[in-house]
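Engineer: Just the structure for this:
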Amino acid sequence: MKYLKILCLALTLVCVAGSATFAKEEFPINIAVEFTDHAASAYIAQHKGWFEEEGLKPTFYSYVTGMSLAAALGRGDIKAAYMCLLPAINAYANAKVPIKVVTGLHKHGYALTVNPDKIKTVKELERADIRLGAVQIGGPVDAILLKTIEKYGLDRSKVLNRVQRMNPPVQIMAIRMGKLDASFSPEHWPAMAEEAGFKVLVSSQDVWPRMQGSVLVVKDELMKNHPDIVRKLAKITAKATGWIKDNPGEAAAIMAEQLRVAGDKVFPVEAAKTAAQSTVTSQIVRRSMKRLDYTIDIDPVTIQESIDFAARNGYIKSGFKASDILDLRFSK
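Structural biologist: Purely as a prediction, here's the structure:
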């Protein structure tokens, strides 16, 4: 009987230990994020340890632009992404990447900054001596460029024929070297341009009032095989988004720190020479984040507007229904 009791106790301890080990197991998941405060909910949640609290073990891959992230989205090991909507639409329609938008991250977050000594009005973008920079064709920054041309009645060829396509950190470097007079870029880069003496002349609110900024997308495979994980990602994103709105100062400080850490990984690949000159402070990020409306809300009508805009301007070959790429049941 004595040995039987010892055996039972030993089995109980093994079971308890096994349960504890199981409780500590975390679901590994590779997530792509943009190197901007557009993905603040992901960076904040990572800093707070909220992914681990939900039993997830994320590995993040940062990209300087949404377009470069969209190209990487085809990788089989990337299961989710915090990214701008238009690159997500491009990846879905052009590269046939099987993804769904499950929740929003923010509205707006794009701007035209100018050298105030050379440019006073938007009309001056037509001048032959103005040197203009913008991110590549097909993304939300290019969309704001086209919307600006349309709203202010600018000569399309006079403006577009002189646009120099470059990523945001390279634009900041060009601004500091006096080689650009105007820059279209996503936040937090307009705030960085302001540090270099530029002024915001046009924001996305001016030319596309209901513009959806970034979204959380997941691969269809993850949604099919692990809907519980998708639900957790949506939950974490909603929690972080609410926290950002309630704690803007602390959120900016965390974001500045996270961008500095992520920059060490991103810049050696895409913009090594500009990294040392792109110091991100909490003051810069605070000013930038004020220009974004952080919300998980998504209006399918605005998603359809973005799809139609992408089709009309040749970003994608043909349009499709917003319901094809939306699955909002996890964010409700």
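Engineer: what number of residues lie near the residue nearest to residue 174 when sequence neighbours are not counted?
Structural biologist: Distances taken as C-beta to C-beta, 6 or more residues apart in numbering put residue 180 closest to residue 174, at 4.4 Å, once the chain neighbours are dropped. (Each C-beta comes from the backbone N, C-alpha and C, glycine too.) When neighbours are defined as other C-beta atoms under 10 Å, residue 180 has 25 of them.
Engineer: and if you look at residue 187?
Structural biologist: Counted with other C-beta under 10 Å, the neighbours of residue 187 add up to 27.
Engineer: That one contacts residue 109, correct?
Structural biologist: Yes. Taking contacts as C-beta atoms under 8 Å, residue 187 lies within contact range of residue 109: 4.5 Å.
Engineer: in the chain, which ranges drop under the pLDDT threshold?
Structural biologist: 1-24, 262-278 (pLDDT under 70).
Engineer: now with 80?
Structural biologist: 1-25, 65-68, 75, 261-279, 332 (pLDDT under 80).
Engineer: hey, what's in contact with both of residue 187 and residue 109?
Structural biologist: Listed contacts common to residue 187 and residue 109 are 36, 37, 38, 291, 292; contacts here mean C-beta atoms under 8 Å, 6 or more residues apart in numbering.
Engineer: Specify the local secondary structure of residue 285.
Structural biologist: Three-state call for residue 285 (DSSP: H, G, I helix; E, B strand; the rest coil): helix.
Engineer: Pull the contacting residues for it.
Structural biologist: 37, 188, 191, 252, 253, 255, 256, 259.
Engineer: and the closest residue to residue 94 other than its chain neighbours, how many residues sit next to it?
Structural biologist: Nearest residue to residue 94, sequence neighbours excluded (C-beta to C-beta, 6+ apart): residue 316, at 5.8 Å. By other C-beta under 10 Å, 20 other residues sit near residue 316.
Engineer: Kindly report the same for residue 252.
Structural biologist: Residue 252 has 24 neighbouring residues, counting by other C-beta under 10 Å.
Engineer: quick one: it and residue 287, what's the gap?
Structural biologist: 8 Å (C-beta to C-beta, to the nearest Å).
Engineer: Check residue 168 too.
Structural biologist: The gap separating residue 168 from residue 287 is 16 Å, by C-beta to C-beta.
Engineer: Which one's more surrounded, these two?
Structural biologist: Neighbours were counted for residue 168 and for residue 287 using other C-beta under 10 Å; residue 168 has more, 28 against 19.
Engineer: Pull the contacting residues for that one.
Structural biologist: Contacts were defined as C-beta under 8 Å, 6+ apart; by that measure residue 168 touches 36, 64, 65, 135, 185, 186, 189, 192.
Engineer: cutoff 10 Å now
Structural biologist: Taking C-beta atoms under 10 Å, 6 or more residues apart in numbering as the criterion, residue 168 is in contact with 35-36, 64-65, 133-135, 141, 183-190, 192-193, 271, 274, 278.
Engineer: shouldn't residue 282 be in contact with residue 249?
Structural biologist: Yes. With contact defined as C-beta atoms under 10 Å, residue 282 reaches residue 249; the gap is 7.8 Å.
Engineer: okay, and the common contacts of these two?
Structural biologist: Listed as contacting both residue 282 and residue 249 by C-beta under 10 Å, 6+ apart are residue 289.
Engineer: Can you classify the residue nearest the centre of the chain by secondary structure?
Structural biologist: Closest to where the C-alpha atoms of the chain average out (C-alpha atoms, centre = their mean) is residue 83, at 3.7 Å. Using three-state DSSP, the three-state assignment for residue 83 comes out as strand.
Engineer: Closest to residue 245 out of the shared contacts of residue 187 and residue 109?
Structural biologist: Residue 245 has its nearest neighbour among those in residue 292, at 10.5 Å by C-beta to C-beta.
Engineer: For that closest one, which residues are in contact?
Structural biologist: Applying C-beta under 10 Å, 6+ apart to residue 292 gives the contacts 36-38, 40, 105-110, 186-188, 204, 213-214, 244.
Engineer: Narrow the contacts of residue 168 to those in strands?
Structural biologist: 133, 134, 183, 184, 185, 186 (DSSP state E).
Engineer: Tell me the buried residues in stretch 43-50?
Structural biologist: Using 16 or more other C-beta atoms under 10 Å as the test for burial, stretch 43-50 gives 43, 44, 45, 46, 47, 50.
Engineer: Nearest to residue 175 among those residues?
Structural biologist: Closest to residue 175 out of those is residue 43 (24.8 Å), distances taken as C-beta to C-beta.
Engineer: so how far is residue 224 from the closest one?
Structural biologist: In terms of C-beta to C-beta, residue 43 sits 28 Å off from residue 224.
Engineer: Thank you kindly, that will do.
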